[in-house]
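Novice: Here's a sequence, model it:
(2 chains)
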Amino acid sequence: MSRLLRAEVVKLRTVRSLLWVTLAMLALVGISVISVVASSGTIQNAADDRTVARISAIAVLFALLLGTIAMGAEGTHGTITHTFLVAPVRERVIAAKAIVASLVGLALAIIAEAVTLVVAVPGVSLSVHNSRYVLVGVLIASAAAGPLGVGIGALFHRQGPAIITTFLWLLIGESVVAIGLRDSVKYLPGHVFAATVAGTAGSSENDLLGAWAGGLGAVLYAVGFLVVGGALLSRRDV
Amino acid sequence: MIEVTELRKRYRSAAAVNGLSFRVADGHITGFLGPNGAGKTTTLRILLGLVHPTSGRATFDGRTYGELTDPIRQVGAVLEASDYHPKRSGRNHLRILCTAAGLPWTRADEMLEFVGIEQAAGRAVGGYSLGMRQRLSVAGALLGDPQLLVLDEPANGLDPEGIRWLRDFLRSFAAGGKTVFISSHVLAEIEQIADEVVIIHRGRLVAQENVRDLRARTVGATRVRSPDAEQLAAALERDGIEASLDGDRLSTSAPTSRVGELAAANGIVLHELTAEAPSLEEAFLELTAGERGL
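Specialist: Reported below is the predicted structural model:
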């Protein structure tokens, strides 16, 4: 298994996707947190602390994107044949990709949080203590989003359709589905991940689960998509 | 030994492989022939664990590809030349395979040098010619120093120099007692290197024979050039022999001895009387003619 893990790391290091995703995330987090600092004075209460800290949750989306690319690109470019020729037990390949995507997601979250804190602590007196649950939630959500992306990539077997469908769901699909769901809306994936990074106990007003329940839900979504995507990929002819 | 037993693969309503069985002995070059759509690629991909059979088995020494420990050290595979990340360098592609197989990265450079593309090793594969990609595929297949090579149409897109390089390489590989199983529709190439051929059509086995025996079974042609070609054609026809006429040239499946005797008996002057050895292509066309409805 360690060989496959190292091979997945080499795959990520030898194309520029990782670099571009990291730079794009850094730019988005940087611009967002600097604009908050520039437009407001100091933070008044714990809710404001959490709102500012939640800027680092941008890492979750990029972890999802990178996980999807890590799996979907193999189908798009056909490199999956080489991968399966070296490692014919496909479940092991998917497991290795999920572990590496989780670690990369975690690393992206740490970078995003570091940028947020470096700018916002001196800039708007952000309280690390008040935003600690948000910061932990971003770490958990990002670590789950990477493997979730791998599962989605395995499901579609092509990075383009996988990325487009995922972001269409998050931007439009989930809102449309939520209209008919009422109380159950908090169990939809976007809401579950939002609850994970919310850093609060959750409430019926914002249709979110509590942070810990959200974290558990995020992990379950990642595992669920990995199992379904992995099962499909194992049966797929390549 | 490669063993394919009652192999079947259906894609919805179409059968790509239909009850195919054959064996490939160790230590030889075996050609895998068939027209386009015969089921060659599907069979090879099933053999390599990339495609799941509907039924039947394809094994290496009794084990499926998925059951092999460290398969890259036992079987090398050369498949589609387009299966590369266009932005990744050839060297890095091989390094990934080395890492996954537990081989040192130096092996990647050795193989790049062996296949003659070391000068392009650091360039993105997207900029490689088809021939360079084929060589990269061969380098990848050789990383684990396997005893057996499976190649799917490796000569596709290669220039004459590339084809010659491939032929020489396969000969030297097999000379070491190793096994080569190579699919192709370039019959002349296979004829030059293969000891035995497996011929399939519409997913079924048509023939499996030694190349020499297969040619011997096939009727060769007799070519004649004569100023009295029309008279000779008539004489052949009277003797119940079919012949095709083209100006002063005549072609028939009758042996040269019979044609010569008839020409002498009828006082016909011959400028040329040639026995053309049957080629693998003729044998192949003859064997698949029935299947193709000809």
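Novice: elements contacting the lengthiest helix in chain A?
Specialist: Ranked by number of residues, the top helix in chain A under DSSP state H is helix A:90-124. When contacts are defined as 3 or more Cβ pairs under 8 Å, 6 or more residues apart in numbering or on different chains; DSSP states H and E, helix A:90-124 sits against helix A:2-13, helix A:17-39, helix A:46-53, helix A:58-77, helix A:80-86, helix A:132-156, helix A:211-235. C-beta here means a position set from N, CA and C on the backbone, and glycine is covered the same way.
Novice: what do you get if the cut-off is 6 Å, keeping everything else the same?
Specialist: Other helices and strands packing on helix A:90-124, by 3 or more Cβ pairs under 6 Å, 6 or more residues apart in numbering or on different chains; DSSP states H and E, are helix A:2-13, helix A:17-39, helix A:58-77, helix A:132-156, helix A:211-235.
Novice: May I see the buried residues of the first one?
Specialist: Okay, so that is helix A:2-13. In terms of neighbour count (16 or more other Cβ atoms under 10 Å in any protein chain shown), helix A:2-13 has its buried residues at A:3-12.
Novice: closest one to chain B among the helices and strands packed on helix A:90-124?
Specialist: Proximity of these to chain B was assessed by Cβ to the nearest Cβ; the nearest stretch is helix A:2-13, lying at 3.8 Å.
Novice: How about residues contacting that closest one?
Specialist: A:18, A:87, A:96-97, A:100, B:96, B:99-100, B:102 (Cβ atoms under 6 Å, 6 or more residues apart in numbering or on different chains).
Novice: Among these, which one lies nearest to B:Asp70?
Specialist: Of all the contacts of helix A:2-13, the one sitting nearest B:Asp70 is B:Gly102; the distance, using Cβ to Cβ, is 7.5 Å.
Novice: For B:Leu214, see how far away that closest one is.
Specialist: 42 Å (Cβ to Cβ, to the nearest Å).
Novice: next one: B:Glu196
Specialist: Applying Cβ to Cβ, the value for B:Glu196 to B:Leu214 is 9 Å.
Novice: Next: B:Arg164.
Specialist: According to Cβ to Cβ, B:Arg164 stands 24 Å off from B:Leu214.
Novice: Name the residue in the two with the higher neighbour count.
Specialist: When neighbours are counted by other Cβ atoms under 10 Å in any protein chain shown, B:Arg164 and B:Leu214 differ, and B:Leu214 comes out ahead with 22 against 12.
Novice: Apart from its neighbours in sequence, what residue is nearest the more buried one?
Specialist: Of all residues not flanking B:Leu214 in the chain, B:Ala283 sits nearest, at 4.8 Å (Cβ to Cβ, 6 or more residues apart in numbering or on different chains).
Novice: Surely the one you found is within a helix?
Specialist: Yes. Going by DSSP: H, G, I helix; E, B strand; the rest coil, the assignment for B:Ala283 places it inside a helix.
Novice: Let's have the helices and strands packed on helix A:90-124 in a markdown table, adding distance to A:Leu171 and mean pLDDT.
Specialist: Putting these into a markdown table (distance: least, Cβ to Cβ, whole Å; pLDDT from 0 to 100) gives the following:
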| stretch | distance to A:Leu171 | mean pLDDT |
| --- | --- | --- |
| helix A:2-13 | 26 | 93 |
| helix A:17-39 | 16 | 90 |
| helix A:58-77 | 11 | 94 |
| helix A:132-156 | 15 | 94 |
| helix A:211-235 | 18 | 93 |
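Novice: Export the ones you listed to a markdown table and append columns for distance to B:Ala235.
Specialist: Listed next are the helices and strands packed on helix A:90-124 as a markdown table, based on distance: least, Cβ to Cβ, whole Å:
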| stretch | distance to B:Ala235 |
| --- | --- |
| helix A:2-13 | 73 |
| helix A:17-39 | 76 |
| helix A:58-77 | 65 |
| helix A:132-156 | 71 |
| helix A:211-235 | 66 |
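Novice: out of those, which comes closest to B:Pro71?
Specialist: helix A:2-13 (13.1 Å).
Novice: Now do the SS call for the closest residue to B:Gly203 other than its chain neighbours.
Specialist: The shortest distance from B:Gly203 to any residue other than its chain neighbours is 3.6 Å, reached at B:Asn18 (Cβ to Cβ, 6+ apart). Here B:Asn18 is recorded as strand under three-state DSSP.
Novice: The residue nearest to B:Leu214 - how many residues pack around it?
Specialist: Per other Cβ under 10 Å, the neighbour tally for B:Ala283 reads 25.
Novice: separation between it and chain A?
Specialist: 32 Å (Cβ to the nearest Cβ, to the nearest Å).
Novice: so that residue makes contact with B:Val211?
Specialist: No. Look at B:Ala283 against B:Val211 with Cβ atoms under 6 Å: they stay out of range, at 8.6 Å.
Novice: Format the buried residues of helix A:2-13 as CSV; extra columns: distance to A:Phe167.
Specialist: As requested, the buried residues of helix A:2-13 are exported to CSV (distance: Cβ to Cβ, whole Å):
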residue, distance to A:Phe167
A:Arg3, 33
A:Leu4, 29
A:Leu5, 28
A:Arg6, 30
A:Ala7, 28
A:Glu8, 24
A:Val9, 26
A:Val10, 28
A:Lys11, 23
A:Leu12, 21
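Novice: circling back to that earlier point, how far does the longest helix of chain A sit from the chain's center?
Specialist: Centroid separation between helix A:90-124 and its chain, computed with Cα atoms, centre = their mean, to the nearest Å, is 8 Å.
Novice: Check the average confidence over it, would you?
Specialist: Averaging the model's pLDDT scores along helix A:90-124 yields 93.
Novice: how many degrees apart are that helix and helix A:211-235 in direction?
Specialist: Between the axis of helix A:90-124 and that of helix A:211-235 there is an angle of 150 degrees, by axes from the mean of the first three to the mean of the last three Cα atoms, to 10 degrees.
Novice: Would you mind listing the buried residues in helix A:90-124?
Specialist: Under the neighbour-count rule (16+ other Cβ under 10 Å), helix A:90-124 has A:90, A:93-102, A:104-113, A:115-117, A:119-120, A:123-124 buried.
Novice: Any stretches of chain B with poor pLDDT?
Specialist: B:81, B:216-220, B:277-280, B:289-294 (pLDDT under 70).
Novice: Kindly recompute the last result at 80.
Specialist: Along chain B, the model assigns pLDDT under 80 to residues B:80-82, B:156-158, B:185-189, B:212-221, B:276-294.
Novice: Please tell me how far the residue most central in space within chain B sits from A:Gly214.
Specialist: Among the residues of chain B, B:Ser184 comes closest to the average C-alpha position under Cα atoms, centre = their mean, at 3.3 Å. The gap separating B:Ser184 from A:Gly214 is 57 Å, by Cβ to Cβ.
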